[in-house]
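> Structure for the following, please:
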Amino acid sequence: MAQDRLRYDRMIDEALRGVVRTALIDVGKRGLPGNHHFYITFRTDHPDVQIADWLHQQYPEAMTIVLQYQFWGLEIEEDSFAVTLSFNNQQERLFVPFAAITAFHDPAVNFGLEFQTRREGEEDAKPPKASVPAKLPEKAENAEKNSDSGKDEKVITLDAFRKK
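Have a look, this model is predicted:
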């Protein structure tokens with residue numbers, strides 16, 4: 001169908017994933033400025049995600065990572081990023097395609113993006129519930145408290161553009 005060819009919802013989704021990519025490129029080159037830090041939620045069941053088996057068992061559908069104090073080797077490609085994080089004092093390398101990301105949040109400026117991801121064969125899928133690490137760094141906890149204190153969040157969702 002001709003009307004299905006121009007999927008503006010997917011075009012916008014892809015463009016906004018470019019915002020995440022650009023932010024990560026900047027951080028990869030110059031580090032995190034000021035109080036900025038990122039919560040990145042992604043589907044662990046995406047076929048191109050590469051994480052340790054024990055992490056996949058603990059987070060079979062989705063997980064949220066925090067890029068703040070302890071991350072190493074942030075590498076950004078055209079369609080993915082890789083980073084090493086510490087989980088219970090054990091360093092693990094993660095490889096995440098941008099297509100697997102379901103949410104990006106920078107609490108320092110109350111900015112967030114939410115994305116829909118599709119499994120192979122699915123037309124439109126809702127993102128699964130994600131887990132936030134049990135103990136967040138103190139600054140992250142304070143940022144979360146501040147973001148719940150009535151400040152206007154700048155979260156952009158694409159639901160208005162999606163075909164129902």
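
> C-alpha only now, for contacts and for neighbours.
Fine.

> By residue count, what's the longest helix in this protein?
helix 8-30 (DSSP state H).

> Okay, now the unreliable bits of the protein?
By pLDDT under 70, the low-scoring segments of the chain are 1-3, 117-164.

> ok so, going back, for the longest helix of the chain, which positions count as buried?
Using 16 or more other C-alpha atoms under 10 Å as the burial criterion, the residues of helix 8-30 that qualify are 9-10, 13, 16-17, 20-21, 24-25, 27-28.

> try stretch 85-95
85, 93-95.

> Trp72: what's it in contact with?
83-85 (C-alpha atoms under 8 Å, 6 or more residues apart in numbering).

> Among the residues you listed, which are located in strands?
Counting by DSSP state E, the part of the contacts of Trp72 found in strands is 83-85.

> which stretch of helix or strand covers the nearest residue to Gln50 once chain neighbours are set aside?
If the residues on either side of it in the chain are set aside, Gln50 comes closest to Phe95, at 4.9 Å by C-alpha to C-alpha, 6 or more residues apart in numbering. Secondary-structure assignment from DSSP states H and E places Phe95 in strand 90-97.

> Check which helices and strands that strand sits against.
If you count contacts as 3 or more C-alpha pairs under 8 Å, 6 or more residues apart in numbering; DSSP states H and E, strand 90-97 packs onto strand 80-87.

> okay, the angle between the strand it packs on and strand 90-97?
Angle of strand 80-87 versus strand 90-97, following axes from the mean of the first three to the mean of the last three C-alpha atoms, to 10 degrees, is 160 degrees.

> No more questions from me, cheers.
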